[in-house]
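Generate coordinates for the sequence data below:
(2 chains)
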Amino acid sequence: TQLLEQSPQFLSIQEGENLTVYCNSSSVFSSLQWYRQEPGEGPVLLVTVVTGGEVKKLKRLTFQFGDARKDSSLHITAAQPGDTGLYLCAAKKSGGSYIPTFGRGTSLIVHP
Amino acid sequence: GAVVSQHPSRVICKSGTSVKIECRSLDFQATTMFWYRQFPKQSLMLMATSNEGSKATYEQGVEKDKFLINHASLTLSTLTVTSAHPEDSSFYICSARRPGQGIGLAGGYNEQFFGPGTRLTVL
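Have a look, this model is predicted:
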């Protein structure tokens, strides 16, 4: 079973639409990261959330950490073709050794 | 963010040969680095944790004699794919863990910073 369940797995939308990607688990995390990866490149860290209920914004991207620190969401407003890529959430379980766990990823395509 | 380099970015080799991939953290010391394998349109699969000055920790199902890892310094880890076969063809990515805490949108908290990846094709 996957520790981090990410949904949806695939998303194909038109430029200007909004979207939300979810990262859920039954485990509590001390921190959670979101990455974006473009084809043929390594993932790039977008944000780290640490506090339950925390909301962070990065331009048109809004990241939220659940109150219980078991889930997170990434919301993109007015998506652009440049947002196309694979979005990955990663987390470390509370109290565990630092071995990161990744979700399966959400492959986003934004059509112009 | 921190910078991690990976070399080579692309390699094509014949079946049976060995290939070495280098991962360097350029602006911080990384006691821990990770090696991942990724198939098209899939997430990252952790292969092993590379610890400076000690043996690597391999994930279940990963052959340590086939994927040799050496973390000889705080800024360099290498992955050697020995006796490569076509099924070893994949995208290999390393990451370096930056310890400690920091401030800002993406600072600290034991975050990983990834290299650009190495595309290995075994003929």
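
lowest-confidence helix or strand of chain B?
Least confident helix or strand of chain B, by mean pLDDT, DSSP states H and E, is strand B:111-114 with a mean of 84.

Show me the residue of chain A that gets nearest to chain B, please.
Nearest residue of chain A to chain B: residue A:42, at 3.6 Å (C-beta to the nearest C-beta). C-beta here means a position set from N, CA and C on the backbone, and glycine is covered the same way.

show me what contacts the nearest residue to that residue once chain neighbours are set aside?
Leaving aside its chain neighbours, residue A:42 sits nearest to residue B:114 (3.6 Å; criterion: C-beta to C-beta, 6 or more residues apart in numbering or on different chains). Residue B:114 makes contacts with A:35, A:42-45, B:4, B:93-95, as judged by C-beta atoms under 8 Å, 6 or more residues apart in numbering or on different chains.

With distance to residue B:15, pLDDT and neighbour count as added columns, please give these in JSON lines.
Shown next, in JSON lines, are those (distance: C-beta to C-beta, whole Å; pLDDT from 0 to 100; neighbours: other C-beta atoms under 10 Å in any protein chain shown):
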{"residue": "A:35", "distance to residue B:15": "33", "pLDDT": "94", "neighbour count": "25"}
{"residue": "A:42", "distance to residue B:15": "26", "pLDDT": "93", "neighbour count": "22"}
{"residue": "A:43", "distance to residue B:15": "30", "pLDDT": "93", "neighbour count": "29"}
{"residue": "A:44", "distance to residue B:15": "33", "pLDDT": "92", "neighbour count": "16"}
{"residue": "A:45", "distance to residue B:15": "36", "pLDDT": "90", "neighbour count": "21"}
{"residue": "B:4", "distance to residue B:15": "29", "pLDDT": "93", "neighbour count": "25"}
{"residue": "B:93", "distance to residue B:15": "23", "pLDDT": "96", "neighbour count": "26"}
{"residue": "B:94", "distance to residue B:15": "24", "pLDDT": "96", "neighbour count": "31"}
{"residue": "B:95", "distance to residue B:15": "28", "pLDDT": "93", "neighbour count": "30"}
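
can you tell me how far the closest residue to residue B:66 other than its chain neighbours sits from chain A?
With C-beta to C-beta, 6+ apart as the criterion, residue B:66 has its nearest non-adjacent residue at 5.6 Å, and that residue is residue B:82. Separation of residue B:82 from chain A (C-beta to the nearest C-beta, to the nearest Å) stands at 23 Å.

Identify each of the strands in chain B and give its residue range.
B:4-7, B:10-13, B:19-25, B:32-38, B:44-51, B:57-58, B:67-73, B:76-81, B:90-98, B:111-114, B:118-122 (DSSP state E).
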